[in-house]
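**Student:** task: produce atomic coordinates for the following.
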Amino acid sequence: MAEPDGCCGGGCCDQPQPPAEVAIINAVQSRIGTPQVIRAARGMSHFGEHALGWMAIGAAGALVDRKRRRQWAGVAVGAFGSHAASVVIKRIVRRPRPNDPSVQVNVSTPSKLSFPSSHATSTTAAAVLLGRLTGLPLPAVLVPPMLLSRVVLGVHYPSDVLAGSALGAASAAAVLAAEKRLAK
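**Tutor:** Down below sits the predicted model:
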């Protein structure tokens with residue numbers, strides 16, 4: 001949801017940009033920010049928007065894999081819950097997205113708030129839960145590209161995506177603990 005004043009309220013968009021993190025964004029964008037990479041990153045961004053892609057995978061799995069319906073539903077719940085947690089934290093922290101003139105913003109965003117990255121949060125939660133369900137190393141395959149995509153698109157600082165990933169891992173752990181309790 002976009003902020004009413006087009007920013008993040010209270011003049012926080014006037015906050016200084018962290019120079020080291022801006023330098024990292026610039027380095028990532030200059031080294032890998034090709035049109036093909038940006039196009040792929042935008043696709044990932046649209047898939048991960050509001051955790052909808054991950055929730056759809058969880059719902060589809062629950063429909064077709066009756067034996068593991070609860071675990072598939074856990075993927076959807078974990079993606080949704082982690083996304084919701086990240087939105088709450090964003091509204092508390094109110095860190096603005098990168099707005100340094102040297103940073104190229106390559107995708108639109110639903111808000112001007114940056115910390116933590118909701119895409120990183122829901123992707124990590126979903127990847128951990130899907131990895132546990134399938135036995136595949138999905139966190140190692142899915143998480144780094146999503147985190148990098150948020151930086152190459154210029155919409156997050158590196159600390160945003162790292163914090164989001166940590167929150168997603170904690171959210172997945174909470175879902176796994178709940179599944180364990182329900183299985184008893």
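**Student:** not counting stretch 150-157 itself, show me its contacts.
**Tutor:** Residues outside stretch 150-157 that contact it (Cβ atoms under 8 Å, 6 or more residues apart in numbering) are 18, 21-22, 24-25, 28-29, 32-33, 37-38, 41-42, 45, 97-98, 103-107, 109, 114-115, 117, 119-120, 158, 160-161, 164. (Each C-beta comes from the backbone N, C-alpha and C, glycine too.)
**Student:** let's see 7 Å
**Tutor:** Stretch 150-157 is contacted from outside by 18, 21, 25, 28-29, 32-33, 37-38, 41, 45, 97-98, 103-107, 109, 114, 117, 119-120, 158, 161, using Cβ atoms under 7 Å, 6 or more residues apart in numbering.
**Student:** PyMOL command for the buried members of those?
**Tutor:** To isolate the buried members of those in PyMOL, using 16 or more other Cβ atoms under 10 Å:
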select buried, resi 18+21+25+28+29+33+37+38+41+45+97+98+103+106+107+109+114+117+119+120+158+161
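**Student:** who's in contact with residue 75?
**Tutor:** Contacts of residue 75 by Cβ under 7 Å, 6+ apart are 54, 57-58, 61, 126, 129-130, 133.
**Student:** test my guess that residue 171 contacts residue 125.
**Tutor:** Yes - look at residue 171 against residue 125 with Cβ atoms under 7 Å: they come within range, at 4.4 Å.
**Student:** ok, these two, which is more surrounded?
**Tutor:** Higher neighbour count among residue 171 and residue 125: residue 125, with 36 against 27, using other Cβ atoms under 10 Å.
**Student:** quick check: which element contains that one?
**Tutor:** Residue 125 is part of helix 118-134 when elements are defined by DSSP states H and E.
**Student:** whatever helix or strand comes next after that helix vs helix 118-134, what angle?
**Tutor:** Using DSSP H and E, the helix or strand that follows helix 118-134 towards the C-terminus is helix 138-152. Here helix 138-152 points in a direction 170 degrees away from that of helix 118-134 (axes from the mean of the first three to the mean of the last three Cα atoms, to 10 degrees).
**Student:** cheers, nothing more for now.
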